[in-house]
Each structure stands twice: as structure tokens, then as C-alpha cells.
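Enquirer: Fold the following, please.
(2 chains)
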There are 2 protein chains.
Amino acid sequence: MKIIQSAKSINALSVKWRMAGKVISLVPTMGCLHEGHLSLMRKARAVSDKVIVSLFVNPMQFSQGEDFDSYPDQFEKDCELIKNEGVDALFRPTSEEMYNNTFQTGISVESLSKGMCGKDRPGHFDGVATVVAKLFNITCPDSAVFGDKDFQQLVIIRQLVKDLNYNIEIIGAPIVREEDGLAMSSRNLYLDPDGRKCAICLYQAIQASQKIIRTMDKVPAAKIIELTKEIVARAGAELEYAVVVNVSTLMSDEIVNKNSVLALAVKVGQSVRLIDNSKLMV
Amino acid sequence: MKIIQSAKSINALSVKWRMAGKVISLVPTMGCLHEGHLSLMRKARAVSDKVIVSLFVNPMQFSQGEDFDSYPDQFEKDCELIKNEGVDALFRPTSEEMYNNTFQTGISVESLSKGMCGKDRPGHFDGVATVVAKLFNITCPDSAVFGDKDFQQLVIIRQLVKDLNYNIEIIGAPIVREEDGLAMSSRNLYLDPDGRKCAICLYQAIQASQKIIRTMDKVPAAKIIELTKEIVARAGAELEYAVVVNVSTLMSDEIVNKNSVLALAVKVGQSVRLIDNSKLMV
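Expert: Model prediction:
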């Protein structure tokens, strides 16, 4: 597997592959990989001849006071994991390579970035949209694979691709969960034992909501949100938001339907922010 | 010459050309073509196997109250002119093709868009940056040719390409002038005979400034700006701005040097806004 730091070099490699008729898939990551990331790589492998993984902790998507400086780093382990998935190239730029000292361009997917995580993390999705566009331009992939776990991000990236006319297929991959249902996340490493127990309230809320929907018709979203609030409060977590929204527009649903997603963000313990989501009719 | 309305179709054509090893150059225009535009096409022709011209009056770069609705249109004449330049494909999308009803993504090249025309036309350069990125993604060119006349635009597009890692060479082409020195512009059509006479004050200011610089060392920018103000006022035009700035950073120069550009915008008559610029040491 090639490990490449320079944007020019990975671009040249990708262009060479394309000219040879190879189909390329990109898996953008911030490292600290878990089974969720590996499932994205397998998905990419299944649809392409060449898989590029990027590993870049993007400063532009962190706000002041967030965990950019402490974001977990396990490069050697990540390398092993990526190699074992048969990935063809790892793009691992420095911050300077991605943002030189005259950098000043931002991309904003406006309406979709406003609510949910966008409200709690101002500027976050502009940082995501900008770095993803850069990665697309650098690696010229035919497809890119993102996790369903970052639900709002995935919706925003699909919109970015449509609005800016990228000829790239965006593939979502299902959430991978721990045995007790906690969605895998690099930030789970921040949880202490109490926090780890508390964190399953996200999945409990999803399961309880799905159960109601299986037994009732025309369930009001308000009922699901109420239930979620109770479960999160009982667990001792702090709810940042709980919404029932359309899977592609992020508009609130009043009545749960087959395109409704329950999306949640909570704070566990002092400051570990966790998100989760699920379609409600499954 | 192929005339193509659909972004998908021109993209497919461009991808086909690339796979066949052809070098592609793009010339974005808003139509109402003059010799300036034709010089861009010739420049594109000289560096590529396939030339694509786009013709799209981009609503996103016009503010409320500007001339979007009245922007001159001469499609049949434009087609003839483009054909005569041996252009391979004309991309002429509708507004709906470029901006469907869920469109919501904007690109901003922040610092460079603030001053000069950016001050007089808020949002203009975000509209330019966004549509240019779309055109790049749609046509996948190796190079794109823009006129030096839209000086700030050219600097912004170079920055966009650098910041977003487009592998596209940006080629600037010299201003083409009428016999009396007026820079060619589609908006010159708006000038009545008095306005047409008045409009040459832009070029007179450039010439007078260059003359000073040929005869003096270390000319203060303030002196050039003062002189320009006098010439514009004497002609009866309204100065929007006159600046002496670095050719790539747009930062003000105090003393004129070999990278200094004099850039001007004036209003002639009721509402015809004209711009011009030139390097000062030539």
C-alpha cells in the first residue's frame, strides 16, 4: 500500500489509474479507525478497482473549544488496519498541505447545515463541505463512501455533489454497533465506565421508538421525541437535540413515515458528545 | 460544433475526450461576445485539442437591481462567432439546469472578494466562484481561459483553484481594446454617444499613470490615485474605486512596483458600470 502525503502525488496516481480505466473509490476518514471505518473500506472495495483512504483530522471542521487538539491518534494501528483491508493508497496530508497560509475559500451547503449538529457546532459543516470538495478534487474518485452514522453530514455531502455537479456516486454505509447497541465512534474512547453505560441511551431511544412504530399507526413525531427525552434523562445524559426528519431534506416530519429518521445528539459525562440515528420504519 | 444544454451530456463528452487522451480547455462566457471573448477562444485553441465554450448568464452573480434581466443576448450571432473559432462544443445550460429548486451551496473566496468590485457588488464573487466550480466539475478541463479585464475575478479564480485543489491551469488573456482604448465589454452596448465618449476616461487614467511611472522613480500610489480621480471627474464619470494593488494578493501598494496594478471602476451616465485595469510598469 502506498502512503502519500502530497496532494499532487495522489492526484497524479489517481489520474494514472483513471487513464488506465480503473474505477476509484474514496473513503475519507479522520483516523482512529474502528469496525465502522473498515466496513466503509469493504464497501469501497466491492464497487471499485482502486480504493483510496484519506486520513486527515480536518482543523476547519472543529470549533474553538472542541476536541481538535486532543482528537485521538493511532497512526501505526490505523496503517495496519487499512493495509489488511487491501486498500491501494493512503492519503495522509499535513495541515499545511491542505491549508497553506493564504487559504481562504469556504463552501457552505446552507439550509441543510443550519439545524441539528449545525446548531451545536457552528461552522462545522462548512469545514466538512470544504475538505470533502478538496478531497474529491485531489483524488478524482468515481465514488466515495461515508457512514450513515454521520447522518446530517451524509445528506449535506449528497447535496454538495448535486449542487456543484460532481460526477461522484455517494455511497452510505450502515452504522456498525457494539454488542450493546452503541454506535461505533472514535469518540467512544473518551467515555469512562459510567459514561459508557450511560451512552447506550441513544440506542435504547431508537429501539423504544421503533417498537412503538411497529405497534401503532400514524405515530406523531412529538410522541417519539417525548419518549426519547425521557430515556435520555433517565440515563443521566444531556440531550442536545432529538428530531424526526426526512431522510433527504432534513425537514421535520409531523407524522412518522417510511422516510423518517430519528436523529439524536447527547452529551455524556462532562463533555463527550455522541450522535446516533436510525430510520424509524424498518 | 455540438451545442449541448445538459450538464450530464457535456460531462460525458468531456470524460470521453479525456479517456482518449485529449487536452481540454474551457472558456466560460456570459455570451454577447466581442473580440475579447474571441481572443480567449484562440488562446484556448492554442493550448488544447478540444475547446469548450460555456454560455450562461449566471443569475447568482447578479445582485438585486443589477442588469440580470436586461443583460444583452445575441445567441445566434454568438453561435456564428464561436463556430468560426473552431470551438468543439458549446455548453449552454438553462438556469434550471444549473440551479434546481433545492440548490443551496455557495463558495466564497473570502479575503480577495471583500474590496474593489466586491464592495460595490455584494455576493457577486461568491456567485462567480460557485458557478466556475460547477463549470469546472461539469467540463473537467485541463485549462480554463479568463480575461485580464475582470482582474479581481481572475485573482479570485486562481485562489479558488489553489484552495480547492483543482488540477486546472488558469490562463489569463490580455484586455482587448477599441481603437480609442476603451476595454471591450458586453456592457459597452449600454453606452449612449455621450457615455461612449466619457468612457475613455478609464484608459486615459491608465495611460496618464503609466506616463508618470516611466518618468519618475518610486511613485507613491496616492499620486496615481489622485491623478485618476481628476481625469475621471473631468470626464464627468463617477468613480466607484481606484486602487493600486498587488497583482496576486490585491493588497494595496504604497509605492508603485513591477507587480502593481491600477484597477478602476466608474459609473458612466445613469448606471453603466465599467471597469478597467493595467499593470503600471510595462
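
Enquirer: CA only for contacts and neighbour counts going forward, please
Expert: Noted.

Enquirer: in the helix or strand bottoming out on mean pLDDT in chain A, what's buried?
Expert: Here the helix or strand of chain A ranked lowest by mean pLDDT, DSSP states H and E is helix A:117-120, holding a mean of 93. By 16 or more other C-alpha atoms under 10 Å in any protein chain shown, the buried positions in helix A:117-120 come out as A:117-118.

Enquirer: quick one: contacts of it?
Expert: A:124-125, A:152, A:240, A:265 (C-alpha atoms under 8 Å, 6 or more residues apart in numbering or on different chains).

Enquirer: same thing with stretch A:76-93?
Expert: Applying C-alpha under 8 Å, 6+ apart, the contact partners of stretch A:76-93 are A:1-7, A:10, A:31-33, A:38, A:41-42, A:45, A:50-56.

Enquirer: Output those of the residues you listed also counted as contacts of chain B.
Expert: A:Ala7 (C-alpha under 8 Å from any C-alpha of the partner chain).

Enquirer: can you give me phi and psi for A:Ala173?
Expert: Phi and psi for A:Ala173, reported as degrees, to the nearest 10, are phi -120, psi 140.

Enquirer: and the closest residue to it other than its chain neighbours, what does it touch?
Expert: Nearest non-adjacent residue to A:Ala173, counting by C-alpha to C-alpha, 6 or more residues apart in numbering or on different chains: A:Gly147, 4.8 Å away. Residues near A:Gly147 by C-alpha under 8 Å, 6+ apart: A:36-37, A:40, A:154, A:172-175.

Enquirer: same thing with A:Ser186?
Expert: A:32-34, A:72 are the contacts of A:Ser186 under C-alpha under 8 Å, 6+ apart.

Enquirer: so which two of those are the farthest from each other?
Expert: A:His34 and A:Pro72 (12.0 Å; C-alpha to C-alpha).

Enquirer: Neighbour count: those two, which is higher?
Expert: A:Pro72 (17 against 14; other C-alpha atoms under 10 Å in any protein chain shown).

Enquirer: for chain B, what are the nearby residues on the stretch 51-200 of chain A?
Expert: Looking at chain B, the residues of the stretch 51-200 of chain A close enough under C-alpha under 8 Å from any C-alpha are A:99, A:103-111, A:130, A:133-134, A:137-138, A:159-160, A:163-167.

Enquirer: Okay, and which of these map to strands?
Expert: Applying DSSP state E to those, the entries found in strands are A:105-109.

Enquirer: ok, A:Ser209 touching A:Leu227?
Expert: Yes - between A:Ser209 and A:Leu227 there is a contact under C-alpha atoms under 8 Å: 7.4 Å.

Enquirer: Looking at the two now, which is surrounded by more residues?
Expert: A:Ser209 (22 against 17).

Enquirer: What helix or strand is the more buried one located in?
Expert: When elements are assigned from DSSP states H and E, A:Ser209 belongs to helix A:201-215.

Enquirer: ditto for A:Pro28
Expert: Using DSSP H and E, A:Pro28 sits within strand A:24-29.

Enquirer: And the contacts of that strand?
Expert: So strand A:24-29 is contacted by A:14, A:17-18, A:37, A:40-41, A:44-45, A:47-57, A:132, A:135, A:139-146 (C-alpha under 8 Å, 6+ apart).

Enquirer: Quick check: what element follows it along the chain?
Expert: helix A:35-47.

Enquirer: What residues sit buried inside that next one?
Expert: A:36-45.

Enquirer: which residues sit in contact with the nearest residue to A:Tyr203 once chain neighbours are set aside?
Expert: Among residues not flanking A:Tyr203 along the chain, A:Gly181 sits closest, at 5.8 Å (C-alpha to C-alpha, 6+ apart). Neighbouring residues of A:Gly181 by C-alpha under 8 Å, 6+ apart: A:200, A:203-204.

Enquirer: Would you map the strands across the stretch 51-200 of chain A?
Expert: A:89-91, A:105-109, A:143-147, A:169-173 (DSSP state E, counting those that start in this stretch).

Enquirer: now those strands in a markdown table, with distance to B:Val282 and mean pLDDT?
Expert: Converted to a markdown table, those look like this (distance: least, C-alpha to C-alpha, whole Å; pLDDT from 0 to 100):
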| stretch | distance to B:Val282 | mean pLDDT |
| --- | --- | --- |
| strand A:89-91 | 44 | 98 |
| strand A:105-109 | 32 | 98 |
| strand A:143-147 | 48 | 98 |
| strand A:169-173 | 49 | 98 |
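
Enquirer: which one of those strands lies closest to B:Val232?
Expert: Per C-alpha to C-alpha, nearest to B:Val232 of the strands of the stretch 51-200 of chain A: strand A:105-109, 34.4 Å.
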